[in-house]
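Participant: Fold the stuff below for me.
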Amino acid sequence: MRSVVSRTLSALVFAAAMGAPLHADEKQDSGAYLAARVAEAENDFTSAATWYGRAITADPGNPTLLDGAILAELGTGDFALAIEVAKRRQDVGIELGLDSSQLADMTLLADEANREDYAAIATAGRDVGDLANQLVLAWAKVGEGKMSEALADFDAVTQKQGYEAFGYYHKALALASVGDFEGADEILSGRAAGPIVVMRRGVFAHAQILSQLERNADALALLDRSFGPGPDPIVDAVRRRLQAGEPIPFDTVRTAKDGIAEVFYSISTALNGEADPVYTLIHLRVAGYLRPDHSDALLLTADVLQDLGQHDLAVQTYTAFKSDDPAFVTAEIGRAGALGLQGKADAAIEALQTLARAHGDLVSVQFALADVLRGEERFDEAEVAYSAAIDLTKAAGNEDWVLYFYRGICHEQTKDWAPAEADFRKALELNPTQPQVLNYLGYGLVDRGEKLDEALGMIEKAVAADPEQGYIIDSLAWAFFKLGRYAEALEPMERASLLEPVDPIVTDHLGDVYWMNDRKLEARFQWRRALSFNPTETDQARIQRKLEIGLDAVMVEEGTAKAPVKAAENGN
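Facilitator: Next comes the predicted model:
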């Protein structure tokens, strides 16, 4: 697919060099344009790049097509092609008197920064957003050796409302990049202008600065305050070096080029979750292009790609990490997740099993493996992995409830109720108000006809904690049903059905409640609906039997009712 675009753009550039008109005489390829827009709307950057390339062949001076092609190429991370199109878009804009394209400006700025042409950055006047404009120009002056001017520019950023932390952070990085670790520490410690909030990467930068000041103990204390004692491959790798007395080099930002990469990464973290994810992705792509070893940018890029449904591109991004990279474990877990979302469960499991052989002492690895196995209903294997994760937790904390909860589900699914109940109760001991656990245990007890009053209390707490979850409301209605309180079951059961209108279990339960409230026509209607929602084979057979002889007769057959058989007649 990429060769099509590459050939198209090569022809476009050649035509421009030969003096071809900006607007071709050929009729616009509307089919290619529409296909490109559809692909763009679906965030399918690879297909969009191909279709925009074909459309540009017919109309090489169309700024809309060129902007679309730039976006698509940036989305795939292909800067070589994006730069060629951006140059063409710049020429078109000048020829037609159009405003500059921010996409083209961002791409051309990335090209200039990658070539370390700081003079061009300083004079081009590109618009990549107000905050980015100011920070990039300050870093360009660092690159030109104009440190006093650069620091003044960073100071100017700190004076703008909402930009303060960005200005101080980048000023500290700039000072550290030229060896002024004392000045950088003054800022990051809060002594210069008060505390500033930094992200995870900023904590590591400060730890490196402290180490360069021969303050490894202070760096360790900073890591402990920021991340706690829990296992983390990236943090632990730094800890080991600090504990060994090793001076850790400052490599968060080594050059002005790295600084510009950091600008785009910093802005992307602020945008993430707040702006259009495509806009966030473009900033991350620039950061990764300028700094290919920027592990934080790569991990966030892959995460955003997954959110956009581009799992192939996410997998490609995760594979950029080498096995000796401290972020490799995190990347492999992410890659397995992306494979799973592609429907490649076997590949995901294989990846995590391989990871577990090398890093089986990490809770996160065992947890990830267990989750994938549970999702594939390989409950016995999942239980083993959850148990391994639990064994690795030195002292179970509130956040560990989920390990016991999921292991309990595995036990319950394999009909081993006693250990399942024990795990659910342990999860509640760690997190007493967790609605999922309250509901699952309460429903399990109700379904077994055990400890019904306690079970009802649990489910009522779950409903109070999460009143808009249909499956929890269903549990409440089913508890009333099991207690023989059929009239009380009616309102919550109907409410659950509205919240989960195509769930076979909820719909089946609604039919049962109607039946026991002597609304038999409605019961039969709901059972037939439940059959259309693909219930399990066991549930399907039971629903069919209820349609044949009625619920009360089925309950007698099953030994769950002592009343005499009262078969329903058609039309009752």
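Participant: in which helix or strand would I find Leu220?
Facilitator: Taking DSSP states H and E as the criterion, Leu220 maps to helix 216-227.
Participant: List the buried residues for the helix or strand following that helix?
Facilitator: Next along the chain after helix 216-227, taking DSSP H and E as the criterion, comes helix 233-243. Residues of helix 233-243 classed as buried by neighbour count (16 or more other C-beta atoms under 10 Å): 233-235, 238-239, 241-242. (C-beta placed from N, C-alpha, C; glycine too.)
Participant: before we move on, what about stretch 188-196?
Facilitator: So, applying 16+ other C-beta under 10 Å, buried residues of stretch 188-196: 188-189, 196.
Participant: Run a quick neighbour tally on Val329.
Facilitator: By other C-beta atoms under 10 Å, 21 other residues sit near Val329.
Participant: Roughly how far does it sit from Gly202?
Facilitator: 22 Å (C-beta to C-beta, to the nearest Å).
Participant: next one: Leu428
Facilitator: In terms of C-beta to C-beta, Leu428 sits 38 Å off from Gly202.
Participant: buried residues in stretch 283-303?
Facilitator: In stretch 283-303, counting by 16+ other C-beta under 10 Å, buried: 283-291, 294-303.
Participant: what do you get for stretch 83-96?
Facilitator: 83-90, 92-93.
Participant: Adding secondary structure, distance to Leu483 and pLDDT, write these out as a markdown table.
Facilitator: Below are the buried residues of stretch 83-96 laid out as a markdown table (DSSP: H, G, I helix; E, B strand; the rest coil; distance: C-beta to C-beta, whole Å; pLDDT from 0 to 100):
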| residue | secondary structure | distance to Leu483 | pLDDT |
| --- | --- | --- | --- |
| Ile83 | helix | 70 | 97 |
| Glu84 | helix | 72 | 96 |
| Val85 | helix | 68 | 96 |
| Ala86 | helix | 69 | 96 |
| Lys87 | helix | 74 | 96 |
| Arg88 | helix | 73 | 95 |
| Arg89 | helix | 70 | 95 |
| Gln90 | helix | 74 | 94 |
| Val92 | helix | 74 | 93 |
| Gly93 | helix | 73 | 92 |
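Participant: Out of these, the closest to Ile333 would be?
Facilitator: Nearest to Ile333 among those is Ile83, at 33.4 Å by C-beta to C-beta.
Participant: Excluding covalently adjacent residues, which one is nearest to the closest one?
Facilitator: Leaving aside its sequence neighbours, Ile83 sits nearest to Asp111 (C-beta to C-beta, 6 or more residues apart in numbering; 4.8 Å).
Participant: Show the average pLDDT along the helix or strand hosting the one you found.
Facilitator: Following DSSP H and E, one finds Asp111 within helix 102-114. For helix 102-114, mean pLDDT is 96.
Participant: do stretch 166-178 as well
Facilitator: Mean predicted lDDT for stretch 166-178 stands at 97.
Participant: Stretch 60-75 too?
Facilitator: 95.
Participant: now swap in stretch 372-381 and tell me
Facilitator: Stretch 372-381 comes out at a mean pLDDT of 96.
Participant: Adjust the sequence numbering to begin at 663 for everything that follows.
Facilitator: Sure, I'll start numbering at 663, so the last one becomes stretch 1034-1043.
Participant: what's that stretch in contact with?
Facilitator: With C-beta atoms under 8 Å, 6 or more residues apart in numbering as the test, stretch 1034-1043 has contacts from 998, 1002, 1007, 1010-1011, 1014, 1044, 1047, 1068, 1071-1072, 1075-1076.
Participant: Now it: buried residues?
Facilitator: For stretch 1034-1043, by 16+ other C-beta under 10 Å, it's 1034-1036, 1040-1041, 1043.
Participant: Show me how far it is from its chain's centre.
Facilitator: 22 Å (C-alpha atoms, centre = their mean, to the nearest Å).
Participant: And the residue nearest the centre of the chain, what's its pLDDT?
Facilitator: By C-alpha atoms, centre = their mean, the chain has its centre lying nearest to Asp965, at 4.5 Å. Per-residue confidence at Asp965 stands at 96 (pLDDT).
Participant: what residues are up against it?
Facilitator: 976, 996.
Participant: helix or strand for it, which one?
Facilitator: helix 957-969.
Participant: Buried residues, the next helix or strand after that helix. List them.
Facilitator: Following helix 957-969 in sequence order, the next helix or strand is helix 973-980 (DSSP H and E). For helix 973-980, a neighbour-count test (16+ other C-beta under 10 Å) marks 973, 975-980 as buried.
Participant: now, which of the residues you listed sits nearest Val1168?
Facilitator: Looking across these and measuring by C-beta to C-beta, the closest to Val1168 is His973, at 30.6 Å.
Participant: contacting residues for that closest one?
Facilitator: Contacts of His973 by C-beta under 8 Å, 6+ apart are 967, 1000-1001, 1003-1004.
Participant: What about the residue nearest to Ala993 when sequence neighbours are not counted, how many residues nearby?
Facilitator: Excluding the flanking residues, the one nearest Ala993 by C-beta to C-beta, 6+ apart is Phe983, at 4.0 Å. Residue neighbour count, defined by other C-beta under 10 Å, stands at 22 for Phe983.
Participant: Without its sequence neighbours, what residue ends up closest to Asp706?
Facilitator: In space, Asp706 is closest to Gln972, 7.2 Å off (C-beta to C-beta, 6+ apart).
Participant: per-residue confidence for that neighbour?
Facilitator: For Gln972, pLDDT reads 96.
Participant: From Asp1008, how far out is it?
Facilitator: The value you get for Gln972 to Asp1008, if C-beta to C-beta is used, is 21 Å.
Participant: between the two, which one's more packed in?
Facilitator: Gln972 (23 against 12).
Participant: Let me see the contact set for the more buried one.
Facilitator: Counting by C-beta under 8 Å, 6+ apart, Gln972 has contacts 705-707, 737.
Participant: May I ask which two of those are separated the most?
Facilitator: Once C-beta to C-beta is applied, the contacts of Gln972 give Asp706 and Gly737 as the farthest pair, at 8.8 Å.
Participant: Okay, now the unreliable bits of the stretch 913-1062 of the chain?
Facilitator: In the predicted model of the stretch 913-1062 of the chain, no residue satisfies pLDDT under 70.
Participant: residue boundaries of the helices in it?
Facilitator: Per DSSP state H, counting those that start in this stretch, the stretch 913-1062 of the chain carries helices over the ranges 918-933, 939-952, 957-969, 973-980, 990-1003, 1007-1021, 1025-1037, 1041-1054.
Participant: for the buried residues of stretch 1034-1043, which one is nearest Thr1198?
Facilitator: For these, the nearest to Thr1198 is Phe1041 (15.1 Å; C-beta to C-beta).
Participant: circling back: drop anything exposed from the contacts of His973.
Facilitator: For the contacts of His973, buried by 16+ other C-beta under 10 Å: 967, 1000-1001.
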